[in-house]
Structure formats: structure tokens, C-alpha cells
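1. quick one, what's the 3D model for this:
(one chain, ligands or ions: 2)
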Amino acid sequence: MKSINSHHPARLRRSVLSVPAINARALEKAHGLACDAVIFDLEDSVAPEKKAEARENLRRFFAETPLSGREAIIRVNGLDTEFFAEDMAAVIACRPDAVLLPKVDGPDDIQHVADLLAESDATESLRIWAMIETPRGVLNAAAIAGSGRTAGGLLDCFVVGLNDLRKETGVLPEPGRTYLVPFLMQVILAARAYGLDAIDSVSNEFRVLDAYETECAQGRAMGFDGKMLIHPAQIDGANRHFGFSAEAKAEAKAIVAAFADPATAGLNVINLDGHMVERLHLDQAERLLAKAQVIQEREGKTA
Ligand SMILES: CC(C)(COP(=O)(O)OP(=O)(O)OC[C@H]1O[C@@H](n2cnc3c(N)ncnc32)[C@H](O)[C@@H]1OP(=O)(O)O)[C@@H](O)C(=O)NCCC(=O)NCCSC(=O)C[C@H](O)C(=O)O
Ligand SMILES: [Mg+2]
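-> Numbers count the residues shown, from 1 in each chain. Ligands and ions are numbered 1, 2, ... in the order given. Below is the predicted model:
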């Protein structure tokens, strides 16, 4: 089984922006934004009578002006909706990096989509992301995460959807997300147990960003890899909070240097300036520096 450290360690998912597939202006803007990944949404942001037009927009976008250097994900409508079959046909035609399934309730949903992808020969590069945003999804998070192994290893990432989860549970939207934290931690634990990434929920605030920044910091402290976003104004905060400070990078470099010193050969635990450091910290430091390197390369390119 993949361990947390062997799971594509340098893939960046700090800022995962949702772009409504019906919004031509937003689709065009996606090219110039500094987010790490884009979710092209066919679900909640597209009215039922506009679904066909939105799919057509995506077919054109992916054929003519595909996103470069960032992950592209298409969010389809739910498996039990009248839109799902045509959405999947569009996904298979567009060949994004991943398909995002909303409202995943259990492992069968993942298996069903893995089978569809296998039938269409789209499994070579196309991965599955799952939104955990229903009470059953949270309760079954470990089984869903584990199902990635039987579904050809295609399951790659969880994204939490707190708007739906609040709606279904009755938990109120309050600062600190007090009563939602147990659900969130369950999702992260399940993801980590099976080597998946985990993306924190959208925050609906995009004008006054104080509360949003606090939520980013909380999500990072909980262990999320990044945050799903709804507006370009949220990108900078996510990139900062889910990136690495100069201090964190310096500390990681010091750990790598300490274990590279011949004097530590054969040692599993050392004293680094009064802190106990073990080889597991070396793994963490190497992972951090690999991601930091990808960030530097990306920022160098966009600067
Ligand atoms: C929330 C919005 C409807 C706000 O739109 P608007 O009023 O147009 O915002 P601004 O005028 O401030 O926009 C400024 C410029 O930025 C562009 N823009 C805005 N949003 C996006 C975007 N998401 N991607 C790309 N570009 C964007 C505007 O076009 C303006 O450009 P310019 O013309 O050059 O000035 C809107 O932001 C929006 O629709 N956001 C996305 C909504 C969405 O995707 N919803 C689905 C995801 S949420 C979710 O999944 C919840 C989850 O399921 C759960 O259960 O929790
Ligand atoms: Mg939702």
C-alpha cells in the first residue's frame, strides 16, 4: 500500500479553484490565475437547463485552449442524476487529469466510475477525486478511501464540501467550525490511511477575507493539503497558508544537512540545536523541500 510519503510527494494542491463551466469569462481567466489546480464545475454552479451548454464549453476549452502546467479536474453531477452519463462522456472526451464526483456516499460510487473509465480506456492518466459532503460520506470515509485500491488505484484525492454537509446535518456556519472539526478530522484520517490528498472545503467569503484567512490557517493545522476556492481573491491566502514559510524551509534544510553529515551515519536520532530529530523528520523535511521546489519553479514561471 502507498504510504503518505510515497504518494506523489511533490504534487501541489494548495489552491484548487472552482470555475463554473457555464461562465465563459471565468474559463478564460483560469489561464492567468496563480492557483495550483482548477475544478471545471458542471454541478452546483450550472443551472439544469444550461448543463449541455456547459459541457460544450468544456469540450471546446480542452480541445482549443487546455490549461497548462496545472491540474485540471472536471466536477460532474451526481451519479444518480439525469446529467451523469452525459457528463462522463464529456469527461472522457476532454481527458482532464481527474474527474471529481460530488456527494460520494460509499465505495460503490468509486468502483462504478472506475469501471466506466476502464471501459473507455481512460484509466491511464485520468484519476478520481471524491467530494465528501454527505453524512454517509463522512461515516464511510475510510471505506471510500480504501476502495481506491480495488478501483485500480484511481482514487487520488478527497475534497470536503461543507455547504452540503451543513445542509444535511443542520450544523450552523460559525467561526472556528467547532462542530464540524470531528467530521473534518475523520476525512483527513481516512485519506491519510490510504495515501490520498485531502482538500478543505470552500469558504463562501470572498470579499472580506479575515475569516477566510483564519479558516485557511485552521485547515493547514488540521493537515489538509489545500483548499477548494470559489473566487480568484482567495488564491493568494491559500497559496500562503498551504505553502511553506522561510523558517520552515530553513529548518527542513538543516535537518537534511544534519543527516547528510558523516558524523550522523548510522544514527536514527540526533540532537539538532536542542531538538530531538529522528529519521521520520528527515522524510518530512525532504517532502517539504520537494514541494517547495515545485512552488519555486511555478512562481518563477508565472512571475
Ligand atoms: C461567487 C461568484 C458568483 C462571484 O462572481 P462575481 O460577482 O462576478 O465576482 P467578481 O465581480 O468579484 O469577479 C471578479 C473577476 O473575477 C472573475 N471570477 C470570479 N469568480 C471566478 C472564478 N471562480 N474563476 C475564474 N474567474 C472568476 C470574474 O469573472 C471577474 O473577472 P473580470 O471580468 O476580469 O473582472 C463567482 O466568483 C463564482 O461563480 N464562483 C464560483 C462558484 C462555483 O464554482 N461554485 C461551485 C463550487 S462551490 C462548492 O462546490 C460547494 C461544495 O459543493 C459544498 O457543498 O460545500
Ligand atoms: Mg456540494
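
2. what about D283, distance to ligand 1?
-> 33 Å (C-beta to the nearest ligand atom, to the nearest Å). No exception for glycine: its C-beta is placed from N, CA and C like everyone else's.

3. ditto for A118
-> Using C-beta to the nearest ligand atom, A118 is found at 27 Å from ligand 1.

4. list the contacts of the spatially closest residue to A190 that is not a sequence neighbour.
-> Nearest residue to A190 in three dimensions, chain neighbours excluded: A141, at 3.7 Å (C-beta to C-beta, 6 or more residues apart in numbering). Residues near A141 by C-beta atoms under 8 Å, 6 or more residues apart in numbering: I132, F158, Q186, V187, L189, A190, A191.

5. got it, and A285?
-> A285 touches E251, A252, K253, I255, V256, counting by C-beta under 8 Å, 6+ apart.

6. can you give me the end-to-end distance of stretch 114-124?
-> 11 Å (C-alpha to C-alpha, to the nearest Å).

7. now do it: everything it contacts.
-> M88, V91, I92, R95, V99, L126, I128, A151, G152, L154, L155.

8. select only the buried ones of the residues you listed in PyMOL?
-> In PyMOL, a selection of the buried entries from those looks like this (16 or more other C-beta atoms under 10 Å):
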select buried, resi 88+91+92+99+126+128+151+154+155
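
9. which residue sits farthest out from the middle of the protein?
-> A263 (39.9 Å; C-alpha atoms, centre = their mean).

10. got the contact list for it?
-> No contacts exist for A263 under C-beta under 8 Å, 6+ apart.

11. helix, strand, or coil at it?
-> helix (DSSP: H, G, I helix; E, B strand; the rest coil).

12. which helix runs longest in the chain?
-> helix 279-302 (DSSP state H).

13. list the buried ones in that helix?
-> By neighbour count with 16+ other C-beta under 10 Å, helix 279-302 contains the buried residues H281, L282, D283, A285, E286, R287, L288, L289, K291, A292, I295, R298.

14. go on, stretch 141-152?
-> In stretch 141-152, counting by 16+ other C-beta under 10 Å, buried: A141, A142, I144, A145, G146, S147, G148, A151.

15. the third one contacts I132, doesn't it?
-> Yes. Taking C-beta atoms under 8 Å as the contact criterion, I144 and I132 are neighbours in contact, 7.3 Å apart.

16. any common contacting residues for those two?
-> V104, F158.

17. adding distance to ligand 2, write the buried residues of helix 279-302 out as JSON lines.
-> As requested, these are exported to JSON lines (distance: C-beta to the ion, whole Å):
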{"residue": "H281", "distance to ligand 2": "37"}
{"residue": "L282", "distance to ligand 2": "39"}
{"residue": "D283", "distance to ligand 2": "34"}
{"residue": "A285", "distance to ligand 2": "36"}
{"residue": "E286", "distance to ligand 2": "35"}
{"residue": "R287", "distance to ligand 2": "30"}
{"residue": "L288", "distance to ligand 2": "31"}
{"residue": "L289", "distance to ligand 2": "35"}
{"residue": "K291", "distance to ligand 2": "28"}
{"residue": "A292", "distance to ligand 2": "32"}
{"residue": "I295", "distance to ligand 2": "28"}
{"residue": "R298", "distance to ligand 2": "28"}
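
18. which bits of the stretch 101-250 of the chain sit near ligand 1?
-> E133, G161, L162, N163, D164, S201, V202, I230, H231, P232 (C-beta under 6 Å from any ligand atom).
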